[in-house]
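S.K.: Turn this into a model:
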Amino acid sequence: MSPTSHRLGDAGPRADSRVGSAEPARARPARRLDAPTLSVVVPLYNEAPNLEELYSEIVTALAGTSFEVVFVDDGSTDGSRETLRELHARDERVRAIGFRRNFGKTAALAAGFRAARGELVVTLDADLQDDPAEIPSLLHRLEEGADLVAAWRSERHDPWTKRLPSRIFNWVVAATTGISIHDFNCGLKLYRREVTQDLKLYGELHRFIPVLAHWKGYRVAELPVQHRPRRHGRSKYGLRRLLAGLLDFVKVLFLTHYLYRPLRLFGSAGLLVLLAGVGLGAYLTALRLFGETIGRRPLLTLCILLVLAGLQLISTGLIGEMLHHVSFRPEEEYSVDEVLSSD
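M.R.: Sure, this is the predicted structure:
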């Protein structure tokens, strides 16, 4: 069987152009009979010096396994595209998707998930810091009953400018969500196919994939793995990610806890603010009854602001509930694991 001749940017039949969209389980196409068991999805940006070695390590680690490698070039400008063409021509198990420009890691993962044909999907970064030799261990951990296995870089070989923001980020996310894993953002993860098909990825949500999967009801586990120093190129991340990551986390908390119940968030906050305003108004009223002048008191202005702010928050929650009612989709309210039927 000769390698396919379509352009690098094509990943088989043209898919829906909406990156990260997920169809209901009943609408997914059937798995092809010649599809591999495992799909290795590798997002990359300007990693040309690493690609040949990474490919060789993946082939060695997965010897005897039915697999494919899906490289997603996120708009590289350093010759990565040419290297991918050479790998594809040499090995038909290598597939590649090329973006017209840099869209970000979340978009690259979403495209890779859509293109992957295996029943199991593993992701790893192209910087050679993730060791493909760890994949068999992840597979063994998955067989113990997990749906997603996240690698834990217990001994990271990165500068402090990456380790410190990551440690803060992981602590905040674990403490807030209750998911007891240590490393949310490691690129090395193993998924069952249904997990990747059930996730809606956009923006920078790749950092929170374990959170989103856990919220859907999937079983999330972790496994300590070896982490290697970066050999070529330079990191694309640093301290500036910390603030962006925390802001994204606020978004994820809203999506996972209040997306379908906006009144619980805005209504609760609005009710507290409104009660504070009403209580302050009662205090000022009592002062007025005892003959004190309150017209020039700053507390009167604060009282009015609290009442108005409370009413606005409650109104925002009610509007959110109405919008949810209009756009309601039953299949988005739950995630089905198994169906037993005599039909």
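S.K.: ok, the spatially most central residue of the chain - contacts?
M.R.: For the chain, residue 206 is the residue whose C-alpha lies nearest the centre (C-alpha atoms, centre = their mean; 2.8 Å). Shown in contact with residue 206 (C-beta atoms under 8 Å, 6 or more residues apart in numbering): 105, 106, 109, 185. All C-beta spots, glycine's among them, are computed from the backbone N, C-alpha and C.
S.K.: swap in residue 316?
M.R.: Counted by C-beta under 8 Å, 6+ apart, residue 316 has contacts 262, 266, 270.
S.K.: Same question for residue 308.
M.R.: With C-beta under 8 Å, 6+ apart, residue 308 has these contacts: residue 277.
S.K.: Give me the phi and psi for it.
M.R.: Main-chain dihedrals, residue 308, degrees, to the nearest 10: phi -60, psi -40.
S.K.: could you measure it against residue 135, distance?
M.R.: Distance, residue 308 to residue 135, using C-beta to C-beta, to the nearest Å: 57 Å.
S.K.: Just the closest of the contacts of residue 206 to residue 321, please.
M.R.: Nearest to residue 321 out of the contacts of residue 206 is residue 106 (C-beta to C-beta; 28.5 Å).
S.K.: Wait, that closest one touches residue 202, no?
M.R.: Yes. Assessed by C-beta atoms under 8 Å, residue 106 is found in contact with residue 202 at 6.3 Å.
S.K.: more crowded one of the two?
M.R.: The neighbour comparison of residue 106 against residue 202 (other C-beta atoms under 10 Å) goes to residue 106, with 22 against 14.
S.K.: what about that one, which helix or strand?
M.R.: Using DSSP states H and E, residue 106 maps to helix 105-115.
S.K.: Which neighbouring elements make contact with that helix?
M.R.: When contacts are defined as 3 or more C-beta pairs under 8 Å, 6 or more residues apart in numbering; DSSP states H and E, helix 105-115 packs onto strand 38-44, strand 67-73, strand 94-98, strand 120-123.
S.K.: Count the neighbours of residue 118 for me.
M.R.: Around residue 118 there are 22 residues (other C-beta under 10 Å).
S.K.: returning to what we had before: mind checking which of the contacts of residue 316 are buried?
M.R.: Among the contacts of residue 316, those buried by neighbour count (16 or more other C-beta atoms under 10 Å) are 262, 266, 270.
S.K.: and those as a markdown table, adding distance to residue 195?
M.R.: Converted to a markdown table, the buried ones among the contacts of residue 316 look like this (distance: C-beta to C-beta, whole Å):
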| residue | distance to residue 195 |
| --- | --- |
| 262 | 26 |
| 266 | 31 |
| 270 | 36 |
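S.K.: Next step: those restricted to strands.
M.R.: Per DSSP state E, strands hold no members of the buried ones among the contacts of residue 316.
S.K.: These into JSON lines, with extra columns for pLDDT and distance to residue 73?
M.R.: Output for the buried ones among the contacts of residue 316, formatted as JSON lines (pLDDT from 0 to 100; distance: C-beta to C-beta, whole Å):
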{"residue": "262", "pLDDT": "83", "distance to residue 73": "38"}
{"residue": "266", "pLDDT": "88", "distance to residue 73": "42"}
{"residue": "270", "pLDDT": "92", "distance to residue 73": "47"}
